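Enquirer: need a 3D model of the sequence below.
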Amino acid sequence: MPLPGQGLLWFGVVLGSIYASRESATQGNWTTDALNVLLIIVDDLRPSLGCYGDRLAKSPNIDQLASHSLLFYNAFAQQAVCAPSRVSFLTGRRPDTTRLYDFNSYWRVHAGNFSTIPQYFKENGYVTMSVGKVFHPGISSNHSDDSPYSWSVPPYHPSSEKYENTKTCRGPDGELHANLLCPVDVADVPEGTLPDKQSTEQAIQLLTKMKTSAEPFFLAVGYHKPHIPFRYPKRKIRQSYFASVSYMDTQVGRLLSALDDLQLATGTMVVLTSDHGWSLGEHGEWAKYSNFDVSTRVPLMFYVPGRTAPLPEAGQRLFPYVDPFAPASELLEPGQSVLDPVELVALFPTLAGLAGLHVPPLCPVPSFHVELCREGQSLLKYFRSSSVEVEPGLLGGPRESIAYSQYPRPADSPQWNSDKPSLKDIKVMGYSIRTIDYRYTVWVSFDPREFLANFSEVHAGELYFVDSDPWQDHNVYNGSQGGPSPRH
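Expert: Model prediction:
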């Protein structure tokens, strides 16, 4: 019987340890000068980007970053909803350890006083700063974005955040409305600006101040778009989503261009990712809240000066700003890509190792009493591969990698709270693994009081072979008959 809170670990045992996790103890520290870190977290961004092969997306600035980066093609979040995902990858612990499946608890009180990525960098001499949506606001980050534990200075939130439900969309009647998603005239918006524009401006100001600092910095910038807070006609969702991606790309472009202007690009590692994906009609959904690839798969790329790309020559710009709406230019391909499935909980050990810090040890089981450890496997081996003679393009090793995700439900059949159940209402947990070949999910009974998954009570299962069924439309769990899954 699994220990409370250890559902995914037990799931791996039940599956018979299909692939053995191998991480040599020699993957410890890098010998390197202290690199600054710029961590860009985008809300609800699926890999609808040019660098991931999407020819509809206009994302030239992120594509440019990818051209100097190591790009992970199959990176997955551990739960497809904001607060649990962010707490998971920022602590390096899975949702079964943080015990956060909703928005209503603070892990330091509810589960354990776990260290975070920025906290670890802060304790190792970095100035750590937060701009925009990094931790999820509210109870899940103690109404403080985990300050002062994680940050050297108070986190910054754009003043225009509070107007997200204000009437700013001008309709055909000439009046402003709140219940539409539409292009806005910034003059119609309170304060004459938007949250992501303010976050970019603040981040650039912080970079300017840190240019002359003797201490390295860790700056996390969280962008709100393409998260969609409004209800709107379904026919406009795809167009509006892609427009929001391009708008966010302009902000990333301005931020990276400033990194060039301040001559910080040669000493700053840049990482871009998202908290989870987003469905644009796949499986009949227009949101997230599932274990499918479309909800769990996220962009993940690392630019490491001198390692993923040569250091620029004097006067050379790595990140000149590119207008997404200018006439189409040649699509920039990623520098190198990794096909192996990886997890967002890998961020903690990977960032630490790339920055030259001691890589926190793997967690024991259980680990609620351990402040500093990590449940994700380090990705450093992929960067070691890129430092030796390899062919340009795809990197990868034996098919041993597995990415775990999970999602809670209140019942097997649809309920009013099926997508976002509170902890007390969770009765079924879907544990899912993604390999390079397939996605396999089992839905089992879950006791929210004991945080206990019961794998002897299987409610339903899903099995998809991604080569022949990339959108995961044909469930072959029960042979050719398919099988049910809660809510679907």
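Enquirer: I'd like the distance between Val370 and Ser140.
Expert: 21 Å (C-beta to C-beta, to the nearest Å). For the C-beta atoms, the positions are set from N, CA and C on the backbone; glycine is no exception.
Enquirer: same check on Gln377?
Expert: For Gln377 relative to Ser140 (C-beta to C-beta), the value is 25 Å.
Enquirer: more neighbours: which of Val370 and Ser140?
Expert: Ser140 (23 against 18; other C-beta atoms under 10 Å).
Enquirer: ok, that one touching Asn104?
Expert: Yes - counting by C-beta atoms under 8 Å, Ser140 touches Asn104, with 7.4 Å between them.
Enquirer: report the buried residues of the helix or strand containing Ile204.
Expert: Under the criterion of DSSP states H and E, Ile204 resides in helix 195-210. Neighbour counts over helix 195-210 (16 or more other C-beta atoms under 10 Å) mark 195-204, 206-207, 210 as buried.
Enquirer: which residues in the stretch 201-350 of the chain form strands?
Expert: Remark: strands assigned in the stretch 201-350 of the chain by DSSP state E, counting those that start in this stretch are 217-223, 268-274, 297-298, 300-303, 336-338, 342-343.
Enquirer: repeat that for the stretch 51-200 of the chain.
Expert: Assigned by DSSP E, counting those that start in this stretch, the stretch 51-200 of the chain shows strands spanning 70-72, 75-76, 127-132, 169-170, 176-177.
Enquirer: just tell me which of those strands ends up closest to Cys363.
Expert: Closest approach to Cys363 among those (C-beta to C-beta): strand 75-76, 19.2 Å.
Enquirer: avg pLDDT for that closest one?
Expert: Mean per-residue pLDDT for strand 75-76: 98.
Enquirer: which outside residues touch that strand?
Expert: Residues outside strand 75-76 that contact it (C-beta atoms under 8 Å, 6 or more residues apart in numbering): 273, 293, 296-300, 341-344, 403-405, 434.
Enquirer: again, only this time at 7 Å
Expert: 296-298, 300, 341-344, 403, 405, 434 (C-beta atoms under 7 Å, 6 or more residues apart in numbering).
Enquirer: can you redo the residues you listed as TSV with pLDDT?
Expert: Listed next are the contacts of strand 75-76 as TSV, based on pLDDT from 0 to 100:
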residue	pLDDT
Thr296	98
Arg297	98
Val298	98
Leu300	98
Pro341	97
Val342	97
Glu343	98
Leu344	98
Ala403	97
Ser405	98
Arg434	97
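Enquirer: I'd like these as a markdown table, with distance to Asn478 and neighbour count appended.
Expert: Shown next, in a markdown table, are these (distance: C-beta to C-beta, whole Å; neighbours: other C-beta atoms under 10 Å):
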| residue | distance to Asn478 | neighbour count |
| --- | --- | --- |
| Thr296 | 23 | 29 |
| Arg297 | 25 | 24 |
| Val298 | 30 | 27 |
| Leu300 | 33 | 27 |
| Pro341 | 24 | 24 |
| Val342 | 30 | 24 |
| Glu343 | 28 | 26 |
| Leu344 | 31 | 27 |
| Ala403 | 24 | 25 |
| Ser405 | 21 | 30 |
| Arg434 | 20 | 27 |
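Enquirer: give me the low-pLDDT residue ranges for the stretch 201-350 of the chain?
Expert: Counting by pLDDT under 70, the stretch 201-350 of the chain contains low-confidence ranges at 228-234, 328-330.
Enquirer: redo that, cut-off 80
Expert: 227-237, 327-333 (pLDDT under 80).
Enquirer: all helices for it, in order.
Expert: 237-261, 293-296, 347-354 (DSSP state H, counting those that start in this stretch).
Enquirer: closest one to Trp286 among those?
Expert: helix 237-261 (5.7 Å).
Enquirer: hmm, who's touching the closest one?
Expert: Outside helix 237-261, the residues that touch it by C-beta under 7 Å, 6+ apart are 38, 40, 42, 48, 56-62, 65, 181, 196-197, 200, 203-204, 207, 221, 223, 225-226, 265, 268, 280, 286, 317-322, 324-325.
Enquirer: please apply the same query to stretch 287-299.
Expert: Stretch 287-299 is contacted by residues 44-47, 49, 52, 74-77, 80-81, 272-274, 276-279, 282-283, 344, 405, 407, 419-420, 430, 432, 439, 441, 472 when judged by C-beta under 7 Å, 6+ apart.
Enquirer: filter those residues down to just the buried residues.
Expert: 44-47, 49, 52, 74-77, 80-81, 272-274, 276-279, 282, 344, 405, 407, 419, 430, 432, 439, 441, 472.
Enquirer: which parts of the longest strand along the chain are buried?
Expert: Ordering each strand of the chain by length in residues (DSSP state E) puts strand 452-465 first. Residues of strand 452-465 classed as buried by neighbour count (16+ other C-beta under 10 Å): 452-455, 459-464.
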